[in-house]
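1. Show me the folded form of this:
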Amino acid sequence: MHDIDEVIELHREALVLRAPPHPARSISLNKLAIALGTRFAKQGESKDINDAIELHREALALDGTSHPPRGRLLTELAVALCTRFEQLGEMYDINEVIELHREALVLRAPPHPARGISLKNLAIALGKRFAKQGESKDINDAIELHREALALNGTSHPPRGRLLTELAVALYTRFGQLGEIYDIDEAIELHREALVLRAPPHPARGISLNHLAISLKTRFAKWGKTKDISDAIKLYRESLALDGTSHPPRGKLINELAVALHIRFGQLGDMDDIDEGIKLHREALGLYAPPHPTRGTYLNNLASAIQERYEHRGDSKDIDEAIELHSEALTLHVPPHPDRGMSLNNLANAVNARFLRCGDSKDIDETIKLHREALALRPTPHPAHSISLNNLASAVHTRYEHRGNPQDIDEAIELHREALALRAPHHLDRGISLNNLATAVLERYKQYGNSKDIDEAIELHREALVLHAPPHPDCGISLNNLASAVLARYQHRGDSKDIDEASELYIQALSLHAPPHPNHSMSLNNLAKAAQTRYEHHSNLKDINEAIELHREALALRAPPHPNRSDSLNNLASAVQAKFEQHGDSKDIDEAIELHREALALYAPPHPDRGISLNNLAIAVQTRFVQRGDSKDIHESIELHKEALALRVPPHPDRGTSLRALALCLATMYANTHDSRDLDTACDLFREAVGYLSSSPLTRFRHARSWAVTAAKYSHMSSLTAYHAAIELLPQLAALHLDLRSRQEILSTTSGTTLASDAAICAVGLNQNNVAVEFLEASRSVFWSQALHLRIPLDALARIEPNLAHKLTELSRQLEQASFRDTSRNLLTDTQHKFISIDLEGKHARQLNEDWEQVIKSVRMLPGFENFMRPNDIATLKQAAASGPIVILTTTNSACFALIVTSSNEVQCLKLPELILSTADLLADLSRGLSNPAFDFNKFTTTGNSLQDRMELKVRLVGEREGSTKVDPNDVFRGILAHLWEIIVKPKTVDPQRLWWCPTGPFSFLPIHAAGIYSPNGTDCVSDYVISSYTPTLTALLDPPTRTAPWFKMTAVIQSDAPDCSPLPGAEQELKKIVQRVPNQWLTSLESTTVETALIHLQDSSIVHFACHGVQDLNEALDSGLRLTDGRLKVSQIMRRPENPNSLNVGKYMSLAFLSACETAKGDSTRPDEAIHLAATLLFSGFSGVVATMWTMDDRDGPKIADTFYEHLFKKLDATSSPPIPPDLTGAAKALQIAVAKLREEPGITFARWVPFVHYGL
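-> So this is what the prediction gives:
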């Protein structure tokens, strides 16, 4: 430094000797200014650069505008001003720099030899202003100027390497703004070309190595190719090897290498990289001792690397040192230093990291304060404005998670939206903004339960994943985040497809986070949570074992003091507890409690997750109490639940869960103490949980079920209210915005097979038979009642409010169309674009549903429409029995009864003491099995669950027999029908009458209509007393069409040779029989027809007769159907059948469907109360009556049944009158009974051949 001081003094002395008007004064002014600028670059004293600028101004003032060296003087003043701008960041300096360079460029018009220099200088200055203000015109102009400068030089011109580098740097800068990959690719190619021109020992080779490394590092950040970051590290090492330890740029090179190692650590997780990076940062910092002007930058980089190590090792000394280093950097970046905003931002991030470990509220408040100050220093269009918005938003989000103030999450979302708006497509950080906004929106969903938020969160995460597609380094994070959002949607809506997708996404993330990746433990933890959720849905032991194994592996990677150890402890404990509930091994519950206690110790107040930990420990301790009965456990559990509830004040998203958990605990206490106060308090808590609207409908439904079961078990007076609350929520679970398959799945997983019967038996036990019928009707066939809401006649409404009627009609039409959308997903082949499209369709459907519900509310405000589309009350339901009594059969594990509904009398309840649910289930399984020729009755009674019940049933049906004696299936059938007769059907009167069976649960699969004694000595059976029909619900019999169509048409669809099916010769014989019985002018026969043609004829046929193969699809009930020439005529297609205003509408007139095919009334054993089969579909689609089969029918019997059936049905018609009088279709049930009786009388006819024929409807 002594040399530069001497140079300056000599120039000062020369300047004194060249006082004005000495002709060489400007030369001395200029040289002194340059020397001062050189010393400033080494020592950073602002007085030097200020003096240099004043000297340059004086030198410039001595020269006229046309003086030959003026261009050089303008340039030198501009360079000095640019140097000061880099120190202080004042915009007036860089603006003047640009004007000076523009003036110099004018003076250096082509072919001036220095024009290239001016082009380059102006381009660089524009680039610097762009970096400060972010105006895209500046960087675009800079690139064009660099290209022009480069074009002035031949390929061998000495400065070409420098010009290539400067153009590459400008392209690199523009890439940072726009994210266009062609910019970074071109920058890299230019840097490679420059490097070739700067082969060793070229003095600028290190510069090219460094720039190429930076560009590769940046492209890695965009695309995640490991080769780019590894090549960058190699280039940095080569560049560093070119410089001696005292070389001025060495500190910068060391820093760049350290940063690259830091980045690779984030990709690969090798701790050696982060440790080497920190060591290098320390070395770089040692080269920039105070008061060096760039020391703050090196302090910041070292601090950031140490903070990264803290986040993976959890050593508190690291985060404390990082904060100390960032604080020191901030003191060096006093206003108006251009890097002050960066220092504020970095210090805020470090303080936030400490908050997440310690939970000290002062830290989160300081974090937000620092981010707000940084944002104020980075107003639009500052290029870092979006960074500060994003970081402030994240900090406010964190404070929300800590304190639960709704204003914080709303502010966080708005800030994230503002940041996202600044990061247009192709912006390098757009994916980050999408991810952060999605996470905040998901958090708000958890707070308020608004389904729009969960939909938006998933949509945003999907867009982020598209931008972070492999090999992007953030792909794993995006996969994890999207999976978590999809899993949250499952918790909200219960669609199992979401579990499958979340699991697949987590698996993909785990594959990208292989050891030693720092996120490996996070991915293990997340995949384990998905496995546990899948276990809760399917109860597959393999899933819970997998969850435990993954959680143990994650916990091993999170040894103390890892900041996420508490999460792993909590999650492993929950999984082990779930396993205990399956197996009952006391070691498991003890381990779960110990793990929960360790987790709770790490969640000390005011940790935001303490409530979760308290709740989980409380449940585990309560579970142990139930097993062992130690009163200390139940008392501890109650206290823990109370503490958790106190932390979850409204509108905390988990308050409802805590209310329910405490209620269950108090109910457990009541079971032991019988203190009614405990039970009363428990039911009050249940009631509050069900009414807590911040919980999702699915969660509230589960709370209501728990309340109902508890209240009924202990005969609490709130039991009926609880069941009513649960049943009332069913339509919300199967809401109209869901596609059909999602509706049927959610109903099968929530209502199951017991809600309807449990609610009914509770009502019956309180002598509330009317309520029991209402409960059964409202909780069964929800799938169909929801679908029918979209086709309800609106004539009465249209007369009063035509606009509302029109709006409701249009919304119903759109919702019905949306119901049939395809939401199936191939997790291995479908792209995120496909998933986005599915989600957008769902979002549109949800908006339609919201609009539809608003219209319904408006309609209910009209006089006389108060109960519009509400479940029918008993007065209305009794009208369904106008033509004869309806017998509802239902059972639970504790009781079985029949409710008899008539149009005039009170509902009667007949108890059936000899039957309970388990026996009914066995009978139903046995009936289904007997339809299979390969069924082995002995195996059925000696294997499976409930062996004692099976053996007792065997004795009851066929008597005492040796175990190995083969039993004739016909004898078993005879036994079943006799058993049903004795315990259920045997009448109290001999008066013949019309009767409808409305079976629930397992009764849906029992041939009640055929019950009776069939012995060689004679018969005594149902058909001797009544004409039987079935109905899935009472509502299906309401408002029947009373008119015959103005003209009559019968369509016979005959398919004897469907593809991939065995031939049906009986189908052709069936047609011949029909032709003999039905007048030709009424009959349309379709042989080997298509699905579309059949659908068309369904719309305008008074009778439609199918003779073909039928199938009940066991995997997808909606795909059940009839096999025609070009495939199945499916349930879902019949439901979708459009209204044809030009044809007869089958819903307006009497109509009949005859399904001479297998399994057309078989039903779905997983959803017995939803009646999703062909017979029910046609009934709900408008047909008055349906003839169908409960299981496989014999092809030989179709012609026989059809012949007798139509002979009787058309017996009294007068086809010759004018107009012809068609048959009375209400006689279908009688006609079927006659046809079946005739078949039954034939020699050798087994029960399996005549029993399956049934009639539904009128």
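2. Show me what the helix ranked longest in the chain is packed against.
-> Secondary structure of the chain read by DSSP state H shows that its longest helix is helix 832-860. With contacts defined as 3 or more C-beta pairs under 8 Å, 6 or more residues apart in numbering; DSSP states H and E, helix 832-860 has these neighbours: helix 451-467, helix 802-819. For glycine as for every other residue, the C-beta is placed from the backbone atoms N, C-alpha and C.
3. Next secondary structure after the strand or helix carrying residue 551?
-> Taking DSSP states H and E as the definition, residue 551 sits inside helix 541-556. Tracing the chain past helix 541-556, the next element assigned as helix or strand by DSSP H and E is helix 565-583.
4. Quick one: residues in contact with that next one.
-> Contacts of helix 565-583 from elsewhere in the structure, counted by C-beta atoms under 8 Å, 6 or more residues apart in numbering, are 314, 521, 525, 528-529, 532, 535-536, 539, 541, 544-545, 547-548, 551-552, 554-555, 558-559, 585-586, 588-589, 591-593, 595-596, 598-599, 602-603, 609, 612-613, 616, 619-620, 623.
5. any idea how far whatever helix or strand comes next after that helix is from the chain center?
-> Downstream of helix 565-583, the first helix or strand assigned by DSSP H and E is helix 586-602. The chain centroid and the centroid of helix 586-602 are separated by 30 Å under C-alpha atoms, centre = their mean, to the nearest Å.
6. now the next helix or strand after helix 586-602 and helix 565-583, what's the angle there?
-> The C-terminal neighbour of helix 586-602 among helices and strands, as given by DSSP H and E, is helix 610-628. Angle of helix 610-628 versus helix 565-583, following axes from the mean of the first three to the mean of the last three C-alpha atoms, to 10 degrees, is 30 degrees.
7. Who are the packing partners of whichever helix or strand comes after helix 610-628?
-> Counting by DSSP H and E, the element after helix 610-628 in chain order, helix or strand, is helix 631-647. Contacts of helix 631-647 with other secondary structure elements, assessed using 3+ C-beta pairs under 8 Å, 6+ apart, are made with helix 610-628, helix 655-673.
8. Of all the residues in helix 631-647, which ones are buried?
-> Applying a neighbour-count criterion of 16 or more other C-beta atoms under 10 Å, one finds 633-634, 636-638, 640-641, 643-645, 647 buried in helix 631-647.
9. looking at the helices and strands packed on helix 631-647, which is closest to residue 764?
-> For the helices and strands packed on helix 631-647, the distance to residue 764 is smallest for helix 655-673, at 22.9 Å, taking C-beta to C-beta.
10. Quick check: buried residues in the closest one?
-> Of the residues in helix 655-673, 655-670 count as buried by neighbour count, 16+ other C-beta under 10 Å.
11. so which strand or helix has the residue positioned nearest the centre of the chain?
-> In the chain, the C-alpha nearest the mean C-alpha coordinate belongs to residue 486, at 2.2 Å (C-alpha atoms, centre = their mean). Under the criterion DSSP H and E, the helix or strand holding residue 486 is helix 475-493.
12. Can you tell me which of the buried residues of helix 655-673 comes closest to residue 361?
-> Using C-beta to C-beta, those come closest to residue 361 at residue 655, 21.2 Å.
13. Can you turn the buried part of the contacts of helix 565-583 into a PyMOL selection?
-> Command for PyMOL, covering only those of the contacts of helix 565-583 found buried under the criterion 16+ other C-beta under 10 Å:
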select buried, resi 314+521+525+528+529+532+535+544+547+548+551+554+555+558+588+589+591+592+593+595+596+598+599+602+603+609+612+613+616+619+620+623
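14. ok, the closest residue to residue 423 other than its chain neighbours to residue 179 distance?
-> Using C-beta to C-beta, 6 or more residues apart in numbering and skipping residues adjacent in sequence, the residue nearest residue 423 is residue 430, 4.2 Å away. Using C-beta to C-beta, to the nearest Å, one obtains 7 Å as the distance from residue 430 to residue 179.
15. which residues do the two both contact?
-> With C-beta under 8 Å, 6+ apart as the test, residue 430 and residue 179 reach no residue in common.
16. Which residue ranges make up each domain of the protein?
-> Domain assignment of the chain by automatic domain parsing yields the ranges 243-377, 874-1030, 1040-1257.
17. Backbone dihedrals for residue 1027, both of them.
-> phi -90, psi 110 (degrees, to the nearest 10).
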